[in-house]
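Trainee: Test case, fold it:
(one chain, ligands or ions: 1)
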Amino acid sequence: MPPSSADNQSVRSAHSPFPADFLWGVATAAYQVEGGWQADGKGLSVWDVYTNTDRMAAKGETANVALNMYDRGQYLQDIALLKDLGVNAYRFSLNWPRILPEGTGAPNVAGIAYYRQLIADLKTAGIAPLVTLYHWELPQALAERGGWANREIVGWFRHYAGVVFDALGRDVALFLALNEPSTDLSFAAYAKQFRETPRREWVPLTPLPPAAFTWFPGQRVVHHQQLAAAAAIEEFRKRNLPGRIAAVAMLLIPALPATDSAADAEAARLADGLMNRIYLDPMLKGSYPDDVVAALRGAGVELPVEPGDMEFISQNRADFLGVNFYSGFPFAADPAATDNWGLRMTWSPSPADPYNGPARPDLFTAGLLRLKADYANPPMIVTENGTGVPGDDELVGGHVHDAKRTDYLVSHVAALGEALREGANVEGYFHWSSHDNFEWVAGYGRRFGLIHVDFATQRRMPKHSAFIYRTLIANGGRVPA
Ligand code: BGC
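Mentor: Here you go, the predicted model:
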């Protein structure tokens with residue numbers, strides 16, 4: 001007699017929903033960990049300038065040294081720590097001006113050699129690299145030529161991607177073109193504002209800036225990001241490389257109506273369009289969402305779509321989608337917010353709240369299932385998920401008992417397991433981050449790592465959450481009772 005569906009359910013739930021070849025990883029980004037900001041012919045990125053010249057980060061901090069991972073002696077110790085964690089994959093980014101100091105032109109041999117060695121060292125340790133081409137390390141030379149607002153960036157990025165694929169393409173199974181393009185735009189807007197403010201003071205950004213939607217001209221730039229990612233994918237395909245590539249690691253921000261009024265439902269839908277669908281629809285459905293295009297037009301913003309662009313994006317589809325998830329937020333209609341699409345986010349954090357929003361594992365499951373339902377269940381990898389909470393990272397007696405991060409980790413891995421059970425096509429999970437590191441405009445003051453770092457001595461110390469992650473990995477996503 002065939003088993004009933006109830007029997008099937010109990011058989012499945014007795015087993016882990018995570019397949020044996022699931023990718024369990026941790027993630028970092030070049031500017032946040034490398035240091036070596038002027039080593040071996042590296043050019044400047046916008047972040048080198050934001051921190052050193054503009055002093056835009058908290059306390060005037062820079063990532064000139066950061067975690068010193070440009071030093072092989074240091075990163076080999078870090079790889080040993082990753083091995084102890086039990087991960088089988090590591091996501092990191094390439095620093096564009098380390099490879100092309102001026103953003104275009106001839107490659108810097110030393111920069112390429114560094115990444116080639118890092119990739120070889122990871123693989124020797126049995127850790128698969130997932131390589132992000134761009135995690136906001138825009139060459140300053142290109143920023144001075146208009147950066148993402150200049151359509152020429154599509155060609156600049158194509159050239160850079162080609163150089164990377166020629167040098168490293170046969171050694172890497174997973175590439176990703178752009179990290180969180182929406183946050184990149186938000187930081188560009190923040191920098192612009194910061195430079196225009198007479199009393200240049202650091203203003204905390206909590207939670208993550210809700211994407212480009214606070215910056216109208218930013219909306220135009222989205223189209224250049226789409227084209228650049230598609231151009232990188234085209235370069236990848238031309239070379240018949242063995243691996244796979246994603247266009248983006250998408251910052252997925254579920255947008256909830258603040259109340260059950262029709263106006264708030266409409267506000268949440270528009271917020272979702274401006275933060276999520278404006279990226280997802282062109283890549284996965286071939287066109288920009290109508291309601292977003294109409295809202296942009298209403299604000300006097302026209303996406304700079306030229307004939308053939310949408311076909312080009314559709315012809316160069318990614319192999320998988322990177323999903324970064326931290327939290328979700330409520331939105332309300334606010335007709336007075338004329339400079340912000342007539343809506344506002346209503347979460348007002350207290351000083352004790354997590355930096356990137358409240359823990360909402362339910363929205364993690366729902367977000368992945370929404371991608372399954374609305375976008376034909378693309379292959380997905382969770383390329384970031386994690387938390388930082390004030391007071392959670394105190395070093396006491398040589399130990400960091402980061403209870404809040406640990407709870408977040410366990411509940412979000414369970415939420416991912418739930419999405420897998422419901423059929424979401426997710427192949428991997430990368431925790432953000434392996435180490436405490438340079439948290440952009442917040443400097444070193446906001447910690448997100450499983451491994452504690454003493455930034456003065458470079459001493460590393462795995463936190464409680466690191467031991468729990470190892471247990472989760474070893475036990476198919478569960479902590480044994
Ligand atoms: C970014 C990371 C950042 C993390 C924690 C993500 O938005 O990709 O670079 O450090 O969130 O805030």
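Trainee: So which residues on this protein come close to the ligand?
Mentor: If contacts are counted using Cβ under 6 Å from any ligand atom, the residues of the chain sitting beside the ligand are 29, 32, 179-180, 183, 208, 251, 324, 356, 384, 432, 439, 448. All C-beta spots, glycine's among them, are computed from the backbone N, C-alpha and C.
Trainee: now, which of those sits nearest residue 343?
Mentor: Lowest distance from residue 343 to these (Cβ to Cβ) belongs to residue 208, with 16.8 Å.
Trainee: got a pLDDT number for the closest one?
Mentor: Taken from the predicted model, the pLDDT recorded for residue 208 is 44.
Trainee: Let me see the contact set for residue 154.
Mentor: The contact partners of residue 154, taken as Cβ atoms under 8 Å, 6 or more residues apart in numbering, are 224, 227-228, 231.
Trainee: How about residue 403?
Mentor: Contact partners of residue 403, counting by Cβ under 8 Å, 6+ apart, are 392, 464.
Trainee: okay, residue 280: pLDDT?
Mentor: In this model, residue 280 is scored at 97, pLDDT.
Trainee: Now do the phi/psi pair for it.
Mentor: Torsion angles at residue 280 (phi, psi; degrees, to the nearest 10) stand at phi -70, psi -40.
Trainee: distance of residue 320 from residue 241?
Mentor: Using Cβ to Cβ, to the nearest Å, we find residue 320 at a distance of 15 Å from residue 241.
Trainee: Could you check how far residue 480 is from the ligand?
Mentor: As defined by Cβ to the nearest ligand atom, to the nearest Å, residue 480 lies at a distance of 30 Å from the ligand.
Trainee: Ok, residue 97 next?
Mentor: Taking Cβ to the nearest ligand atom as the measure, residue 97 falls 17 Å from the ligand.
Trainee: before we move on, the earlier item: in strands, which of the contacts of residue 154 fall?
Mentor: Secondary structure assignment (DSSP state E) places none of the contacts of residue 154 within strands.
Trainee: Just name the closest of those to the ligand, please.
Mentor: Proximity of the contacts of residue 154 to the ligand was ranked by Cβ to the nearest ligand atom; the top entry is residue 228 with 17.4 Å.
Trainee: Contacts only, for that closest one.
Mentor: Residues touching residue 228, when contacts are defined by Cβ under 8 Å, 6+ apart, comprise 153-154, 157-158, 177-178.
Trainee: cutoff 7 Å now
Mentor: Remark: with contacts taken as Cβ atoms under 7 Å, 6 or more residues apart in numbering, residue 228 is in contact with 153-154, 157.
Trainee: Find the nearest non-adjacent residue to it, please.
Mentor: Ranked by Cβ to Cβ, 6 or more residues apart in numbering and with sequence neighbours excluded, the top spatial neighbour of residue 228 is residue 157, at 4.0 Å.
Trainee: Is that neighbour inside a helix or a strand, and which specific one?
Mentor: Element membership of residue 157, judged by DSSP states H and E, is helix 153-168.
Trainee: quick one: buried residues of that helix?
Mentor: Applying a neighbour-count criterion of 16 or more other Cβ atoms under 10 Å, the buried positions in helix 153-168 are 153-154, 156-165, 167-168.
Trainee: Equivalent analysis for stretch 100-119, please.
Mentor: When neighbours are counted by 16+ other Cβ under 10 Å, the buried residues of stretch 100-119 are found to be 100-101, 103-104, 107-108, 111-112, 114-115, 118-119.
Trainee: which one of these is nearest residue 265?
Mentor: For residue 265, the nearest member of the buried residues of stretch 100-119 is residue 103. The distance, counting by Cβ to Cβ, is 43.5 Å.
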